[in-house]
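**Q** Sequence first, predicted coordinates after that:
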Protein chains: 2
Amino acid sequence: MLITPRTLKGFRDFLPAAMIAREKVMATAREVYRSYGFAPIDTPALELEEILLGKGSDETDKQMYRFEDAGGRRVGMRFDLTVPLARFAAQHIGELGTPFKRYHIGTVWRGENTSRGRYREFMQCDFDTIGTTAVAADIETGLVIHDLFRTLNLDATIRINNRQVLTGLLEKLGLGDQAVVILRALDKLGKIGRDKVAAEMIEAVGTTPAQANDVLALSELAGDTDAIFSELDKLLAGNERGLAGVARLREVFDGMTAAGVPSQRIKLDVSIARGLGYYTGVIYETFLDALPDIGSVCSGGRYDNLAELYTKEKLPGIGASLGLDRLLSALEELGRIPTTATPAPLFIPFFDAARLHDYLKLARELRALGVGVEVYPEPKKLGQQLKYADRRGFRAALILGSQEFATGVCQLKDLRDGSTQEVPLDAARIAEKLAEILAS
Amino acid sequence: MLITPRTLKGFRDFLPAAMIAREKVMATAREVYRSYGFAPIDTPALELEEILLGKGSDETDKQMYRFEDAGGRRVGMRFDLTVPLARFAAQHIGELGTPFKRYHIGTVWRGENTSRGRYREFMQCDFDTIGTTAVAADIETGLVIHDLFRTLNLDATIRINNRQVLTGLLEKLGLGDQAVVILRALDKLGKIGRDKVAAEMIEAVGTTPAQANDVLALSELAGDTDAIFSELDKLLAGNERGLAGVARLREVFDGMTAAGVPSQRIKLDVSIARGLGYYTGVIYETFLDALPDIGSVCSGGRYDNLAELYTKEKLPGIGASLGLDRLLSALEELGRIPTTATPAPLFIPFFDAARLHDYLKLARELRALGVGVEVYPEPKKLGQQLKYADRRGFRAALILGSQEFATGVCQLKDLRDGSTQEVPLDAARIAEKLAEILAS
């Protein structure tokens, strides 16, 4: 009796073409993070349940995969990379020292409702700078996000805000202790509109209509960055915390611009709040210019104390997370995922059955020159082999039969336009000609 | 009440220095696999229990992490990448076509007994060629293994055998149907010695002393490859299967040698059998010359039918798996793991508090030239910052204070030997001088 081969609901296989695209984005994230001195770490997929439970939200608790292991321990699968980072930092920060800059590219699991098109296994690509409140780290976080999308060759706009701005306004209005409920109401602005949010603030929170109006006025500031900054200075006049928040935002904009980020790539957006209660300072959301509606593809912000549940040591920091799965969905929607199912550009058909050794030797010489080469394993008909090469998406084929071995000249076939050129049977010359095809 | 930050028994955190070494090995495996045209795939960490159960051994069944998910499904965490590959191939091979060459670098979980120094979470780096019985694929598997260790700059010897050789001998001796129990006895040769293995064969299996002696004589063949081949021809004379097995081994040796593998890097070893019943043809084990006792660091072989439990389609193939954790243990024992805890070579102290923008701008210019640079986020005392740089293992520091900004000449300090040189304050010139330090 055969077992039906299938994946669990909400889980996916990644076939070569999709995986090549994923690996490319992960490699880019790794490269950019490393170029700023962020170092890789890894933590276990499984943690003790007490480490994970109650550390995210009610929702993450409910969605967590958790069970009893064979040793009777209650364990859970990590649902993000932030809670493991907090545990990791509490455990190792003495040895590591601060500032500690780490990146972590890893799989996380959540028993999401799949009817919303969500997956239960996905990958996060986080980077964080822990142990400093310096504005340099805030600016750098923005620079990393910008360079990430620049390197991916995608136009993206980073929307930046500071939690302290709204906190300062609420303080000024005497609503400081109701920040959480007000934030919750404000979060619905896009969905239910101004009037209903105002009504919720007045009814559920107990603000005056004037207070609700001031809070909404702040969230609705839009337009030119300099104009918004002036408005903020006015709205927050007299409140130290709010003004300090605005000042820090100015420093972030000035720093990013001074470091070379074009001004149209960053946008002051006082309406973003980031759902998580966790954030306390500058916050970032990143939208693709070509597909803003897909939502933020890279988000993060500053927090006061990463690991307070595990250690008395205060660990402020700032970081952000690239949403790999959302970004890849966007790339797919934009037609930016290549259909290539092979990482090697060159295909060598096994044409002359007596020449296997020559094919293998030439292929190794080409690899030593940095050229990815696949040799077909069986001496089938050339047409059949070239069909295979087309299907896989090789860029070129090197055709070498008994005649070519005799004359020392082989045929390099561009599989995209079908053209063929003669090349001397020499690895260096072949690599050179292939490079021309790849560049074309 | 603080929660004690700790990892589960048998699970590990990877701190930057260890993770940088791991990422380097993984990147090398990826690069070598890709250069041969192997394409990446990924499969879920969780599979339906029925997909995994009974597919490995009694031991893997016992060690598997399995539980009921919130939807009442029995699920398990993958314990290797081969069973998921079988399920994957059965499900997608129609779409993918054959030959199908894939690599898969992924985490697997086994509830191992940790007292033997084993971990419960480890990484496998597999590559396989599915859908062909061609000898070209056998040779190529050996070439990939060889190039993997060559690229890692490690001297390794690949021991090669063919399951068909022993199978042929047993057939010739009329013991064909007792292969499994004889293999089990032979597997103990290293541990309990020749006499006890012979006794076990005679008593438990019911062989004659002469039969036991012939089987042991085969396993004990040693020395020069050509001499062993001649002995094998004699021992197997008249048995078609055995002689075909020897012939294929000869083709593998000839092919690897023709493709440029030095003869001392491959060794015919008729004593290796690979525990798994699964293998049916050529098999490989790989030992580090400097540390053979740690065991095989890359093993694999040919199988007749990968996915027979999930599909009627016959999928023969060949592949091998790099044991990342064992290899890294070996590298550590050999003192080959660098202690560098940063992926960036250059450190820029934040020396002149008024110049943050200039530091950030210069660092971005350097990154655009491919130089990894970390800028310290706070304008602390220079000595303190350089101590941080030393601890992290940066290779060089670029010292730039108000004087250097004024003169346009900065100090490039080699943090290994402490020497300092003057370099014009220009990203290209700094990158050039740093490259010289890195190459030294």
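**A** That came through, no problem. Just so we're clear, the structure is a prediction, and the values are computed from it rather than from any experiment.

**Q** Low-confidence ranges, chain A, go.
**A** A:274-277 (pLDDT under 70).

**Q** Pop out the phi and psi values for A:Ala396.
**A** phi -150, psi 160 (degrees, to the nearest 10).

**Q** For it, which residues are in contact?
**A** A:Pro345, A:Leu346, A:Phe347, A:Leu412, A:Lys413, A:Asp414, A:Leu415, A:Leu434, A:Ile437 (Cβ atoms under 8 Å, 6 or more residues apart in numbering or on different chains). All C-beta spots, glycine's among them, are computed from the backbone N, C-alpha and C.

**Q** Specify the beta-bridge partners of the residue in the stretch 51-200 of chain A that chain B sits nearest to.
**A** Nearest residue of the stretch 51-200 of chain A to chain B: A:Phe67, at 3.5 Å (Cβ to the nearest Cβ). Counting by DSSP bridges, A:Phe67 is bridged to A:Val75.

**Q** How many neighbouring residues does it have?
**A** 17 (other Cβ atoms under 10 Å in any protein chain shown).

**Q** Same question for A:Ala368.
**A** 14.

**Q** From chain B, how far out is it?
**A** Distance, A:Ala368 to chain B, using Cβ to the nearest Cβ, to the nearest Å: 9 Å.

**Q** The most centrally placed residue in chain A pairs with what?
**A** Residue closest to the average C-alpha location in chain A (Cα atoms, centre = their mean): A:Leu322, at 2.0 Å. For A:Leu322, the beta-bridge partners are A:Cys125, A:Cys298 (DSSP bridges).

**Q** To what extent is A:Met256 buried, counted in neighbours?
**A** Neighbour number of A:Met256 under other Cβ under 10 Å is 26.

**Q** Pop the domain breakdown of chain A in here.
**A** Here the domain parsing of chain A from automatic domain parsing is A:16-333, A:346-439.

**Q** deepest of the ones you listed, which one?
**A** domain A:16-333 (a mean of 19; mean count of other Cβ atoms under 10 Å in any protein chain shown).

**Q** distance between the ends of that one?
**A** Length of domain A:16-333, first residue to last, Cα to Cα, to the nearest Å: 18 Å.

**Q** what's the helix or strand encompassing A:Ala21 in contact with?
**A** A:Ala21 belongs to helix A:16-35 when assigned by DSSP states H and E. Outside helix A:16-35, the residues that touch it by Cβ under 8 Å, 6+ apart are A:14, A:40, A:103, A:105, A:123, A:125, A:127, A:144, A:147-148, A:151-152, A:322, A:324, A:327-328, A:331, A:337-343, A:393, B:23, B:30, B:39-42, B:96, B:102, B:343-344, B:367, B:371-373.

**Q** one more time with 7 Å, if that's ok
**A** Helix A:16-35 has contacts (Cβ atoms under 7 Å, 6 or more residues apart in numbering or on different chains) with A:14, A:103, A:105, A:125, A:127, A:144, A:147-148, A:151-152, A:322, A:324, A:327-328, A:331, A:337-341, A:343, B:39-42, B:102, B:343-344, B:367, B:372.

**Q** angle of that helix against helix B:16-35?
**A** 140 degrees (axes from the mean of the first three to the mean of the last three Cα atoms, to 10 degrees).

**Q** from the middle of its chain, how far away would helix A:16-35 be?
**A** With Cα atoms, centre = their mean, to the nearest Å as the basis, helix A:16-35 stands 10 Å off its chain's centre.

**Q** Helix or strand next in line after that helix, which one?
**A** That would be, after helix A:16-35 and using DSSP H and E, strand A:39-40.

**Q** close to chain B, is that next one?
**A** Yes - using Cβ under 7 Å from any Cβ of the partner chain, strand A:39-40 reaches chain B at A:Ala39, A:Pro40.

**Q** Sheet partners, orientation included, of that strand?
**A** strand A:100-109 (parallel).

**Q** List the backbone torsions phi and psi for A:Asp42.
**A** According to degrees, to the nearest 10, A:Asp42 has phi -140, psi 150.

**Q** element containing A:Thr129?
**A** Going by DSSP H and E, A:Thr129 is part of strand A:121-130.

**Q** which residues are contacting that strand?
**A** A:11, A:26, A:29, A:33, A:38, A:80-81, A:85, A:89, A:98-109, A:137, A:140, A:144, A:306, A:315, A:317-322, A:324-325, B:44-45, B:377.

**Q** just the helices in the stretch 201-350 of chain A please.
**A** A:209-220, A:225-235, A:240-258, A:324-333 (DSSP state H, counting those that start in this stretch).

**Q** Please verify my assumption that A:Arg302 contacts A:Asp138.
**A** Yes - with contacts counted by Cβ atoms under 7 Å, A:Arg302 reaches A:Asp138, the gap being 6.3 Å.

**Q** And A:Gly242, how close does it get to B:Lys361?
**A** 30 Å (Cβ to Cβ, to the nearest Å).

**Q** whoops, I mixed them up, A:Phe14
**A** 39 Å.

**Q** Which members of the contacts of A:Ala396 are positioned in strands?
**A** Judged by DSSP state E, the subset of the contacts of A:Ala396 located in strands is A:Leu346, A:Phe347, A:Leu412, A:Lys413, A:Asp414.

**Q** just those residues that are near chain B?
**A** Counting by Cβ under 7 Å from any Cβ, no member of the ones in strands among the contacts of A:Ala396 reaches chain B.

**Q** From one end of stretch A:300-320 to the other, what's the distance?
**A** 4 Å.

**Q** Residue of the stretch 301-440 of chain A nearest chain B, please.
**A** A:Glu374 (2.8 Å).

**Q** I'd say that residue and B:Gly37 touch.
**A** Yes - under the criterion of Cβ under 7 Å, A:Glu374 makes contact with B:Gly37 at 2.8 Å.

**Q** The stretch 251-400 of chain A: strands as residue ranges?
**A** A:266-268, A:279-288, A:298-303, A:317-323, A:346-348, A:373-375, A:396-399 (DSSP state E, counting those that start in this stretch).

**Q** Export the helices of the stretch 201-350 of chain A as a markdown table, with columns for distance to B:Ile192.
**A** Shown next, in a markdown table, are the helices of the stretch 201-350 of chain A (distance: least, Cβ to Cβ, whole Å):
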| stretch | distance to B:Ile192 |
| --- | --- |
| helix A:209-220 | 77 |
| helix A:225-235 | 78 |
| helix A:240-258 | 69 |
| helix A:324-333 | 51 |
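
**Q** Out of these, the one nearest B:Arg6 is which?
**A** If you check each of the helices of the stretch 201-350 of chain A against B:Arg6 by Cβ to Cβ, helix A:324-333 wins as the nearest, at 28.8 Å.

**Q** returning to that earlier point: got the angle for the helix holding A:Ala21 vs strand A:298-303?
**A** Using the same axes, to 10 degrees: helix A:16-35 against strand A:298-303 is 30 degrees.

**Q** any idea of the angle helix A:16-35 forms with helix A:324-333?
**A** Using the same axes, to 10 degrees: helix A:16-35 against helix A:324-333 is 120 degrees.

**Q** and the stretch 201-350 of chain A, which residues reach chain B?
**A** Residues of the stretch 201-350 of chain A lying near chain B (Cβ under 7 Å from any Cβ): A:Gly255, A:Ala258, A:Ala259, A:Gly260, A:Leu309, A:Tyr310, A:Thr311, A:Ala341, A:Thr342, A:Pro343, A:Ala344, A:Phe350.
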